[in-house]
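Participant: 3D, please:
(2 chains)
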Amino acid sequence: GAGVSQSPRYKVAKRGQDVALRCDPISGHVSLFWYQQALGQGPEFLTYFQNEAQLDKSGLPSDRFFAERPEGSVSTLKIQRTQQEDSAVYLCASSPWAGRNYEQYFGPGTRLTVT
Amino acid sequence: AQSVTQPDIHITVSEGASLELRCNYSYGATPYLFWYVQSPGQGLQLLLKYFSGDTLVQGIKGFEAEFKRSQSSFNLRKPSVHWSDAAEYFCAVGAASNNNDMRFGAGTRLTVKP
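Facilitator: As a prediction, the model looks like this:
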C-alpha cells in the first residue's frame, strides 16, 4: 500500500522567505510526527499530532515554525522568514497508535536549503 | 530523561563478514527499543523492535538484536553483510511508561567493502 509521502522532496529558499512542507500520512494513521534531521545526525523531534490535535510542539525551535493538521490527515509544516540554520531534512512520520513511543512509518523527507 | 548513544559514527566491513552495531540507552524504567535503517535519500525503515519477552528479536533483512538489561544495550547484528546493507542505522528508545517520548541516536554509517 501507499506509504508516507512528502512534498516537495527538495526546496531551495532565499533567507527570509516563507516555506510550506506537506506530509501525506498513511491512511487511517492517528499519529503524525515531524522531525528535523541535520546532516550526519539522527532525527530531532519537532511536533506531534494525534488526529487533528497538536499534543506536543515542544521541539519547534522558534515561533517561526508552525504545523497544522486541520482534518486529521494531511499535515503542513510552515517555516516563516527562513534562516540558514533551518537548512536540514524535514521528516514526517505516521503511526496507527496513539503516542510517540511506538514504531513510526517515515516519509522520504524534504531537503530544505536556505541560501 | 531518557537518552540513546550509538558509540560508532562509522563502521566499515567487508561483504560477507559479520556485523554488530552498538546501542546503549539510559532510562530508569522498561524501554521500548527500535532499530531503523535509512538509505541515502530515503526515510527511516523499521528493522526490528523490542517491547517485552524474548530478549533476542528477529527483524527484516536478516537482522537481529539482543536486549541486555544489565548492560543497558540493544546491539544490532547480522551474520553476513551484503553490499545492499550499506546505509545509516539508527537506534531509538521509547518509554514504556510514558507515551510522549521517543529519542533517536545519532546514527552509525555502515560502509560495505566488496
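
Participant: any residue of stretch B:95-108 up close to chain A?
Facilitator: Yes - judged by Cβ under 8 Å from any Cβ of the partner chain, stretch B:95-108 comes into contact with chain A at B:95-96, B:98-102, B:104-107. All C-beta spots, glycine's among them, are computed from the backbone N, C-alpha and C.

Participant: export those residues to TSV and tack on neighbour count and secondary structure?
Facilitator: Below are these laid out as TSV (neighbours: other Cβ atoms under 10 Å in any protein chain shown; DSSP: H, G, I helix; E, B strand; the rest coil):
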residue	neighbour count	secondary structure
B:95	21	strand
B:96	13	coil
B:98	14	strand
B:99	18	strand
B:100	13	strand
B:101	18	strand
B:102	26	strand
B:104	21	strand
B:105	25	coil
B:106	16	coil
B:107	25	coil
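
Participant: which among these gets closest to residue A:41?
Facilitator: Nearest to residue A:41 among those, counting by Cβ to Cβ, is residue B:106 at 5.6 Å.

Participant: Can you pull up the most central residue in chain A?
Facilitator: residue A:34 (3.2 Å; Cα atoms, centre = their mean).

Participant: and that residue, that's in a helix?
Facilitator: No - according to DSSP: H, G, I helix; E, B strand; the rest coil, residue A:34 belongs to no helix; its state is strand.

Participant: I'd like the distance between it and residue B:97.
Facilitator: According to Cβ to Cβ, to the nearest Å, residue A:34 and residue B:97 sit 24 Å apart.

Participant: cool, and residue B:114?
Facilitator: Residue B:114 is 46 Å from residue B:97, where distance means Cβ to Cβ.

Participant: Looking at those two, which has the bigger crowd around it?
Facilitator: Each of residue B:114 and residue B:97 has its neighbours counted (other Cβ atoms under 10 Å in any protein chain shown); residue B:97 has more, 12 against 6.

Participant: for the more buried one, what are its contacts?
Facilitator: B:29-30 (Cβ atoms under 8 Å, 6 or more residues apart in numbering or on different chains).

Participant: Can you give me the pLDDT of it?
Facilitator: Note for residue B:97: predicted pLDDT of 77.

Participant: Also residue A:1?
Facilitator: Residue A:1 is assigned 57 on the pLDDT scale.

Participant: got it, and residue B:106?
Facilitator: pLDDT recorded at residue B:106 is 95.

Participant: Quick one: name the residues of chain B near chain A.
Facilitator: Taking Cβ under 8 Å from any Cβ as the measure of proximity, chain B contacts chain A at B:9, B:32, B:34, B:36, B:41-46, B:49, B:90, B:94-96, B:98-102, B:104-107.

Participant: Pull the number of nearby residues for residue B:64.
Facilitator: Neighbour count for residue B:64, taken as other Cβ under 10 Å: 16.

Participant: how close does residue A:33 get to residue A:108?
Facilitator: 15 Å.

Participant: quick one, which of those two is more surrounded?
Facilitator: In terms of neighbours (other Cβ under 10 Å), residue A:33 is the more surrounded of residue A:33 and residue A:108; the figures are 26 against 20.

Participant: Verify the contact between the more buried one and residue A:97 for me.
Facilitator: No - Residue A:33 is beyond contact range of residue A:97, at 11.7 Å (criterion: Cβ atoms under 8 Å).
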